[in-house]
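Engineer: The following comprises the amino acid sequence and a computationally predicted model.
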Amino acid sequence: MERRFGRLVGGGMRRTVLSSLIAAIATGACVIPAAQDPEARRLDVSEAVLRHMFKEHQEDPRRPVAYCVGVRERFPGDVTEAPPELIARLGDVRLAVKPYSGCLSTLQVLDAETTGPAVSFLVGPIECNAPNRCTAMGGYTVASLSGRASGYVLERRGRSWVVVGEELRAIS
């Protein structure tokens, strides 16, 4: 391998490239890609799960006006607001995507601002036991007895996370 590299680049150039690489490692100039950062990975996986669930509601006969998004760190556990970065990433969705508190839940889920029909989505907990493979829970509610929860398996393919498996966990 060294010979081939030496022939392609040249001996002097090889030493310069290797010296630069060693210097970068020694000075800590190497940067961990954002996908390896646990918080960035959590946002990436959450976005992939939510976009997957949003597809089910593209032809919703109730014609929701908003999607409200919450996250869970544990199941069972409290629902918290989705981070603003996650809401911002979903800005291209055809409906308004809001934090979880943007919806009212009584007998049905309503957009707090317009009182039109809405859907509440939850994502989490997320577990990643390998750099390119995670599992996540996700679910939605449209009314007090109308919702579902699923377990998702995701793989990173290139720069994107893709849902490669889904298992229905609860439905009402």
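Structural biologist: Sure thing, it's come through.

Engineer: where's residue 79 relative to residue 85, distance?
Structural biologist: The gap separating residue 79 from residue 85 is 18 Å, by CB to CB, to the nearest Å. Bear in mind the C-beta positions are built from the backbone N, C-alpha and C, glycine included.

Engineer: need the contact list for residue 75.
Structural biologist: Residue 75 makes contact with 124, 125, 137, according to CB atoms under 8 Å, 6 or more residues apart in numbering.

Engineer: Which one of residue 79 and residue 85 is surrounded by more residues?
Structural biologist: Higher neighbour count among residue 79 and residue 85: residue 79, with 15 against 12, using other CB atoms under 10 Å.

Engineer: who's the nearest residue to the more buried one once chain neighbours are set aside bridged to?
Structural biologist: Sequence neighbours aside, residue 70 is the residue nearest to residue 79 in space, at 4.1 Å (criterion: CB to CB, 6 or more residues apart in numbering). Beta-bridge partners recorded for residue 70 (DSSP bridges): residue 81, residue 122.

Engineer: Buried residues, stretch 37-45. List them.
Structural biologist: Across stretch 37-45, burial judged by 16 or more other CB atoms under 10 Å covers 41, 42, 43, 44, 45.

Engineer: my bad, should have said stretch 145-160
Structural biologist: For stretch 145-160, burial by neighbour count (16+ other CB under 10 Å) applies to 147, 148, 149, 150, 152, 154, 156.

Engineer: so where does the fourth one fall, helix or strand?
Structural biologist: Which is residue 150. Using DSSP states H and E, residue 150 sits within strand 146-157.

Engineer: And that strand, what does it pack against?
Structural biologist: Applying 3 or more CB pairs under 8 Å, 6 or more residues apart in numbering; DSSP states H and E, we find strand 146-157 packed against helix 38-55, strand 133-143, strand 160-171.

Engineer: Mind splitting this protein into its structural domains?
Structural biologist: Domain segmentation of the chain under automatic domain parsing yields 1-30, 34-171.

Engineer: Mean neighbour count, those: which tops it?
Structural biologist: Highest mean neighbour count among the domains of the chain (mean count of other CB atoms under 10 Å): domain 34-171, with a mean of 16.

Engineer: In the chain, where is pLDDT below threshold?
Structural biologist: Under the criterion pLDDT under 70, the flagged ranges of the chain are 1-36.

Engineer: What residue, apart from its backbone neighbours, is nearest residue 49 spatially?
Structural biologist: Nearest residue to residue 49 in three dimensions, chain neighbours excluded: residue 138, at 4.5 Å (CB to CB, 6+ apart).
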